[in-house]
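A.B. asks: below is the sequence, then the predicted model.
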Amino acid sequence: MDTIKTGAEARSSLLVGVNKLANAIKGTLGPQARTVIIQNPMGMPVILNDGVTIARAITDPDPYVQMGIDLLKEVATEAQQRSGDGTTTATLIAQTLCNGSLSLMEDGVSPLDIRDGLKHYLEEAERFIRAQGIEYGSHGWTLEEVGTIAANNDPELGKIVSGAVEHVGIEGGVVIEKSPTSETYYIEKSGLEMSSGFAHPLMSNLPRNRCEYSDPMILTTTERIESFNVLVPALELAVKNNKPLVIFCPEYNNNMLQNLLVNVVQGKVSVCLVGVKGMAEQQQAWLEDISKLAGSHLYKTSIGETIFKLKEDGMGTCDSFHSSATTTSLTVKEMSDELENHIHVLISKMTSQQAASSDWYAEMIQNRLNRLRAGICTIYVGGASEIEQTETKERVDDAVNACRLALESGVVIGGGATLHRASFNIEDDTMVGRLFKDALTKPLDTIVENAGKNILPRYGGISDHDEGNTEYVCGKTGEYRCALEDGVLDPMQVVLNSLESAVSIAALVLMTDAAIIAPEQ
């Protein structure tokens, strides 16, 4: 096989991979979504309709086709990381843009003109979508409606998820675990969530690039971890106690990380390294809060401490630990006396002279209090079998992310319908403009197609009587109905992130002029 393809031949192979992945997951969109069965070499097959998980399972023996698959996987992954939902929508839009862009190039249109046109129309569509946004608390919509839609129209899950999210608010966190019974429920716990994730995906031990541990050993330090040798004492303690190790630090050396990953891949130790984000004072604050929650000693370089000389009683723990590429949360069974005292210290700092003279400092302390008080809601997902539990857990995860984004940035009335409606707002009758409009209508087309209805070709998706931009095509009945009345609501940020991710990858594909297979090592 040739190790390089150029021009149209390279783009054509990429397109095969793009279409292979998109066609595999498009049936998972909408209220009449179908499921996909994925082989599990370690046990029973997995049955689910989660776009990003399905995407990660798709491969092709042709390395050039695989490149196209991997590019579209990136669309799904990016949408998942930014929103936690909207992966199938992003994939379908990207598929339409990729196919259409390469077709235009064959007709002689410059790829630079296509790329610039896509970015221009993206800005137009985003302005329209933002104008349709409805903030939480207005128009009478509820998080339960958002959760129900995101959980594939499951009202019971929608109620449970929205209840958990509303309980902790924006400052608190929500984690998902398998229930010891067949029931699904949530329990409030002490804990915190931070917007920093694991250092590398190889540290994940679950689908969707997630890392979950129960009762891990926790190490907290202000030290920049420069070498692998510095971690050896902590790793030896974890192996000795047969427990996973979680490390929180402000910074680390990438060469050290590579050595650590070798040990993880070889199965010598289960470890998750989390680099705390922010400026120095913010990092220090996070590390202090985590150490008080976990009951660990915070090793401070400012007083000459180093983790190379750590002691076992300097390690902490938690009830459960969850980490992804973007967030990390810890829960404990109950608030310790040390944590309560720490909260009292923070309260006293709110009345200090420094807080009175610095709004930034006062806001930082208030944020710390809010997240420690809000705690964590743990949703325990039940099911009649492990397969059912796994499928339900993925839907709950989508619903949690949707509810949290809706709480933060509001909703739009019907995600697919809003995108379709945005196409009417693009008036330029250029070839690129028509392509972009076609891509915007693709999600709604697919929702109705999955429902087995044949109304879009006759009516064009949205009727002429769409008063107030509230109409949508019901994916169950094929009828035109009021989305606001039916509670068909999607987080605005999910819709925006899906669109941005799709345009980003389409631009990369159309600008590709060669594809090269890396030599075997």
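C.D. replies: Looks like it arrived, so ask away.

A.B. asks: quick one: least confident helix or strand in the protein?
C.D. replies: The weakest-scoring helix or strand in the chain, judged by mean pLDDT, DSSP states H and E, is helix 456-459 (a mean of 43).

A.B. asks: other residues contacting stretch 300-319?
C.D. replies: Contacts to stretch 300-319, defined as C-beta atoms under 8 Å, 6 or more residues apart in numbering, come from residues 189, 191, 214-225, 229-234, 237, 291, 293-297, 299, 330-333. Any C-beta I mention is one placed from the backbone N, CA and C, and that applies to glycine too.

A.B. asks: repeat that for stretch 481-491.
C.D. replies: By C-beta under 8 Å, 6+ apart, stretch 481-491 touches 83, 85, 134, 139, 141-142, 144-146, 148-150, 402, 405-406, 409-415, 417-418, 470-472, 474.

A.B. asks: can I have the buried ones of those residues as a ChimeraX selection?
C.D. replies: For the buried members of those, the matching ChimeraX selection, counting by 16 or more other C-beta atoms under 10 Å, is:
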select :83,85,134,141,142,144,145,146,148,149,150,402,405,406,409,410,411,412,413,414,415,417,418,470,471,472,474
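
A.B. asks: among the contacts of stretch 481-491, which are in helices?
C.D. replies: 83, 144-146, 148-150, 402, 405-406, 409, 415, 417-418 (DSSP state H).

A.B. asks: give me the low-pLDDT residue ranges for the stretch 251-400 of the chain?
C.D. replies: For the stretch 251-400 of the chain, not a single residue meets the criterion pLDDT under 70.

A.B. asks: next one: the stretch 51-200 of the chain
C.D. replies: Low-confidence regions of the stretch 51-200 of the chain, defined by pLDDT under 70, span residues 83-84.

A.B. asks: do a quick rundown of the strands in it.
C.D. replies: According to DSSP state E, counting those that start in this stretch, the stretch 51-200 of the chain carries its strands in the segments 173-178, 185-194.

A.B. asks: for the stretch 301-450 of the chain, same thing?
C.D. replies: With DSSP E, counting those that start in this stretch, the ranges of strands along the stretch 301-450 of the chain come out as 320-323, 328-332, 376-381, 411-413.

A.B. asks: quick one: strands adjacent to the second one?
C.D. replies: So the one you mean is strand 328-332. Its sheet considered, strand 328-332 pairs with strand 185-194 (antiparallel), strand 320-323 (antiparallel) by DSSP bridges.

A.B. asks: specify the local secondary structure of the nearest residue to L118 once chain neighbours are set aside.
C.D. replies: Leaving aside its sequence neighbours, L118 sits nearest to V503 (C-beta to C-beta, 6 or more residues apart in numbering; 5.3 Å). With DSSP: H, G, I helix; E, B strand; the rest coil as the basis, the three-state label of V503 is helix.

A.B. asks: which one of the strands of the stretch 301-450 of the chain lies nearest to G452?
C.D. replies: Closest to G452 of the strands of the stretch 301-450 of the chain, according to C-beta to C-beta: strand 411-413, at 23.8 Å.

A.B. asks: and that closest one, what does it pack onto?
C.D. replies: strand 489-491, helix 492-510 (3 or more C-beta pairs under 8 Å, 6 or more residues apart in numbering; DSSP states H and E).

A.B. asks: how about 10 Å then?
C.D. replies: If you count contacts as 3 or more C-beta pairs under 10 Å, 6 or more residues apart in numbering; DSSP states H and E, strand 411-413 packs onto helix 111-131, helix 143-150, helix 386-409, helix 415-424, helix 483-486, strand 489-491, helix 492-510.

A.B. asks: quick check: G137 touching G410?
C.D. replies: Yes. With contact defined as C-beta atoms under 10 Å, G137 and G410 form a contacting pair (9.4 Å).

A.B. asks: show me what contacts H139?
C.D. replies: 410-411, 413, 470, 484, 489 (C-beta atoms under 10 Å, 6 or more residues apart in numbering).

A.B. asks: please produce a markdown table containing these, extended by distance to L102 and pLDDT.
C.D. replies: Output for the contacts of H139, formatted as a markdown table (distance: C-beta to C-beta, whole Å; pLDDT from 0 to 100):
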| residue | distance to L102 | pLDDT |
| --- | --- | --- |
| G410 | 36 | 91 |
| V411 | 35 | 90 |
| I413 | 34 | 84 |
| T470 | 37 | 74 |
| L484 | 39 | 77 |
| L489 | 35 | 85 |
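
A.B. asks: farthest pair in those residues?
C.D. replies: Checking the contacts of H139 with C-beta to C-beta, the most distant pair is G410 and T470, at 15.1 Å.

A.B. asks: quick one on the thing from earlier: tell me the pLDDT at the residue nearest to L118?
C.D. replies: We note a pLDDT of 92 for V503 in this prediction.

A.B. asks: so V396 sits right up against T378, yeah?
C.D. replies: No. Contact criterion C-beta under 10 Å: V396 and T378 do not qualify, at 11.5 Å.

A.B. asks: of these two, who's got more company?
C.D. replies: For V396 versus T378, the count of surrounding residues by other C-beta atoms under 10 Å is larger for V396: 26 against 22.

A.B. asks: ok, the more buried one - contacts?
C.D. replies: 147, 150-151, 154, 157-158, 160-161, 164, 174, 176, 184, 186, 379-381.

A.B. asks: pull the most distant pair out of these.
C.D. replies: Farthest apart among these by C-beta to C-beta are A150 and Y380. That separation is 18.6 Å.

A.B. asks: can you report how many residues lie near the residue nearest to N370 when sequence neighbours are not counted?
C.D. replies: Closest residue to N370 in three dimensions, ignoring its sequence neighbours and counting by C-beta to C-beta, 6+ apart: E171, at 4.1 Å. Neighbourhood size, E171 [other C-beta under 10 Å]: 17.

A.B. asks: for E171, give me phi and psi.
C.D. replies: Here is the backbone geometry of E171 (degrees, to the nearest 10): phi -70, psi -30.

A.B. asks: any idea how far it lies from V65?
C.D. replies: Here E171 is placed at a distance of 45 Å from V65 (C-beta to C-beta, to the nearest Å).

A.B. asks: same check on L202?
C.D. replies: With C-beta to C-beta as the criterion, L202 and V65 are 25 Å apart.

A.B. asks: of the two, who's got more company?
C.D. replies: More crowded of L202 and V65, by other C-beta under 10 Å: V65, with 21 against 15.

A.B. asks: list the contacts of that one.
C.D. replies: V65 sits next to 12-21, 59 when contact means C-beta under 10 Å, 6+ apart.

A.B. asks: let me know which of the strands paired with strand 328-332 is the nearest to L508.
C.D. replies: Of all those, strand 320-323 comes closest under C-beta to C-beta, at 28.4 Å.

A.B. asks: for the closest one, C-alpha coordinates in CSV please.
C.D. replies: Listed next in CSV are the C-alpha coordinates belonging to strand 320-323 (Å, rounded to 0.1, in the frame of the first residue of the first chain):
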residue,chain,number,x,y,z
SER,A,320,-15.5,8.4,45.5
PHE,A,321,-13.3,10.1,42.9
HIS,A,322,-14.5,11.0,39.4
SER,A,323,-12.4,12.7,36.7
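
A.B. asks: distance between it and the chain's centre?
C.D. replies: Relative to the centre of its chain, strand 320-323 is centred 15 Å away, using C-alpha atoms, centre = their mean, to the nearest Å.

A.B. asks: okay then, goodbye and thanks.
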